[in-house]
Structure formats: C-alpha cells, structure tokens
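J.: sequence and predicted structure are below.
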Amino acid sequence: GSATQAPAQGPEAVSRLLEVRALLAAASDSLALRRRESQLIELARTNRDSTLLHLELGLVALRLGELGGRSHFDDAASEFEWAAELTPGWPMPWWGLALAAEGLGDSRVSPVAGIQAMLGRDKGSRAVAALRQALRLEPSFAPALVDLARITEAQRINVRLEDAVSAF
C-alpha cells in the first residue's frame, strides 16, 4: 500500500504511513525496494509538493539504509527535510528526520565523535532534537514518544532523561 493518496496531516495519513513503515520493515529485498524508490522518484518529478510522497520516499530510503546502504540515510534525511518544508506543522517529517539522523549515527567511535557528543552536536542529540520538535507540534504522537525514549536510553553521553520523561 502507498501512502501518497491520503491527505497530508490527518489521522488517515499517519495510519497509512505507519503501515508503509511496517511493511518496509519486513522487506529484505533491496532490489524491490530500489524499484519502489525509482517509482516514487518518478512520481515526485511531477508531484514535487506532495508531503506524503516525500515521506514515503524517506521511509523507503531509511529501509535501504538499514539493509546496508549507508548513503540512503542521507537520502532519507533530504526527503524528510523537504517534507518538513512543505508541511512544517506536522510531526511526521521531524520523526523521519530523527530516524535518519539515528541511522547515520557517528560512523565510528573517535575522539571527535566524543567531543561532538559532549557539545550536543552528535547524531543522537540531533535525533532527540528532531523528536522534541515533532512532540512540540503534536505532544501525543506515539511513534516519536517511543523513539525518544529508545534513543535517549541508548545515549551514553549527553543523556537528557528529563526530555523523555516530560514528553511522556
């Protein structure tokens, strides 16, 4: 099922996008995912202002990144940023940005990564900031709440449990 037919921001759109994400999570055929990505890119050429299209493209790119194509996390972030520009008051693009930032991770543990973490500029901190934005827009957005708790718990440096606790 495609999310691109639902109107942006409504509960139906959220349900359909979460359904798309669940279906993608079960997909392990990167060739099929690349075909879907190509189809969505083709649609985006003529429908550039569809928030839902950019969100679905971002979700496909996230899954491709999870399957080992690290550069796809950058693609996902770009799609979610575009969706956030199109519909800045909706939490889903910010949630997607958080997942892309988490996927990018810090490529390896290094002194630079440690310093970035202490300054709050690491990917985990950026993911938490994007989730906080999603929750400012819609405090009851469950996917962002769950991921905020999960990412906050996983952070070793710059942990701000009060963010997760206050969100809940």
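T.: Good, I have the coordinates. As the structure is a computational prediction, the values presented were derived from the model and not from experiment.
J.: please make it C-alpha for all contacts and neighbour counts, starting now.
T.: Noted.
J.: now residue 89, what's its secondary structure?
T.: Secondary structure of residue 89, reduced to three states by DSSP: H, G, I helix; E, B strand; the rest coil: coil.
J.: so what's it closest to, chain neighbours aside?
T.: residue 137 (6.2 Å; CA to CA, 6 or more residues apart in numbering).
J.: quick one, strands of the protein?
T.: For the chain, strands defined by DSSP state E do not occur.
J.: what ranges do the helices span in this structure?
T.: Applying DSSP state H to the chain gives helices spanning 11-26, 30-46, 51-66, 71-86, 91-104, 111-118, 123-137, 142-154, 161-167.
J.: confidence-wise, which of the ones you listed is weakest overall?
T.: Looking over the helices of the chain, mean pLDDT reaches its minimum on helix 111-118, with a mean of 45.
J.: make JSON lines from the helices of the chain and add mean neighbour count to it.
T.: Below are the helices of the chain laid out as JSON lines (neighbours: other CA atoms under 10 Å):
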{"stretch": "helix 11-26", "mean neighbour count": "16"}
{"stretch": "helix 30-46", "mean neighbour count": "14"}
{"stretch": "helix 51-66", "mean neighbour count": "26"}
{"stretch": "helix 71-86", "mean neighbour count": "22"}
{"stretch": "helix 91-104", "mean neighbour count": "27"}
{"stretch": "helix 111-118", "mean neighbour count": "15"}
{"stretch": "helix 123-137", "mean neighbour count": "23"}
{"stretch": "helix 142-154", "mean neighbour count": "17"}
{"stretch": "helix 161-167", "mean neighbour count": "14"}
